[in-house]
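Participant: Have a look at this prediction, sequence included:
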Amino acid sequence: MKATLPNGALKPISNCYINVDNLKQIEMKILPDISDSKSASYADETAIGRSFPIKNYSYSENRTISWTVHFMVCEEGDQAIIMDNLRLFESCVYPTQEKAPYAPPPICRIRCGHLLSRDGELCCVLKSYSVKFPTEVAWEELGNMYLPYKLDVDLQFEVIYDSKCLPYASDIVASGGDPACR
């Protein structure tokens, strides 16, 4: 598979994107670094005559997905697109103005092939973002933008589900976490 177009520009990866509140879909052009984690909590119950406590399942922690977006300027106009995407990510940790006094931040829908969910997107909230502007790469002064030609944005998502459609272990085995309730 070729990663570039005939003119040398990076080719978007199909079905690997972050969709912010159905406003804009940011297609990945470089495979992102993704990690997926979740843990369960168990309560210890002691019993007379046992050498160790009984483990009782209490609850599961949030499913956390770390996603590092790699941006690279390849052609004229990429600088503005990268800055727009960066501002869009930044906006995802601020409340919206739809309801008084504040409404929750935008919902993100993420997908990268079948890595996170076999058949669809995962709905998430962006818990944090972190961007570092490296100085060891070329950069663009364009309109005082001072944008490096390559930069990474680290995103921390938590997966959210409709309370009427929570996934069970069988849903994870079958689809990777999408209980098919949309």
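Facilitator: Arrived safely, thanks for sending. Numbers count the residues shown, from 1 in each chain.
Participant: where's stretch 58-65 relative to the chain centroid, distance-wise?
Facilitator: If you compare the mean C-alpha spot of stretch 58-65 with that of the full chain, they lie 16 Å apart, counting by CA atoms, centre = their mean, to the nearest Å.
Participant: cool, stretch 154-168 as well?
Facilitator: For stretch 154-168, the distance between its averaged C-alpha position and the chain's averaged C-alpha position is 11 Å (CA atoms, centre = their mean).
Participant: again with stretch 67-87
Facilitator: Between the centre of stretch 67-87 and the centre of its chain there are 16 Å (CA atoms, centre = their mean).
Participant: I'd like the average pLDDT over it.
Facilitator: Stretch 67-87 shows a mean pLDDT of 92.
Participant: And for stretch 170-180?
Facilitator: Taken as a whole, stretch 170-180 carries a mean pLDDT of 69.
Participant: Can you list the residue ranges for strands in the protein?
Facilitator: Counting by DSSP state E, one finds strands in the chain at the ranges 16-20, 24-27, 33-37, 40-45, 54-60, 64-72, 108-112, 122-132, 139-140, 147-148, 150-159.
Participant: I'd like those as TSV, with distance to Ala3 and mean neighbour count appended.
Facilitator: C-beta coordinates here come from the backbone N, C-alpha and C atoms, glycine included. Conversion of those to TSV gives the following (distance: least, CB to CB, whole Å; neighbours: other CB atoms under 10 Å):
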stretch	distance to Ala3	mean neighbour count
strand 16-20	12	21
strand 24-27	13	15
strand 33-37	16	13
strand 40-45	38	10
strand 54-60	37	10
strand 64-72	11	19
strand 108-112	15	21
strand 122-132	23	16
strand 139-140	22	17
strand 147-148	21	20
strand 150-159	15	19
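Participant: nearest to Leu166, of the ones you listed?
Facilitator: Evaluated with CB to CB, the strands of the chain place strand 54-60 nearest to Leu166, the distance being 9.7 Å.
Participant: Mind giving me the packing neighbours of the longest helix seen in the chain?
Facilitator: The helix spanning the most residues in the chain, taking DSSP state H as the definition, is helix 78-91. Under the contact criterion of 3 or more CB pairs under 8 Å, 6 or more residues apart in numbering; DSSP states H and E, the helices and strands touching helix 78-91 comprise strand 16-20, strand 24-27, strand 64-72, strand 122-132, strand 147-148, strand 150-159.
Participant: export the longest one as PDB, just CAs?
Facilitator: Coordinates of the C-alpha atoms in strand 122-132 are reproduced here as PDB (Å, rounded to 0.1, in the frame of the first residue of the first chain):
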ATOM      1  CA  LEU A 122     -16.500   4.500  19.800                       C
ATOM      2  CA  CYS A 123     -18.100   7.500  21.400                       C
ATOM      3  CA  CYS A 124     -15.700   9.300  23.700                       C
ATOM      4  CA  VAL A 125     -15.000  12.400  25.700                       C
ATOM      5  CA  LEU A 126     -11.600  14.000  25.400                       C
ATOM      6  CA  LYS A 127     -10.200  14.200  28.900                       C
ATOM      7  CA  SER A 128      -6.900  15.900  28.000                       C
ATOM      8  CA  TYR A 129      -4.600  16.900  25.200                       C
ATOM      9  CA  SER A 130      -1.000  17.700  25.100                       C
ATOM     10  CA  VAL A 131       1.000  19.200  22.300                       C
ATOM     11  CA  LYS A 132       4.700  20.000  22.200                       C
END
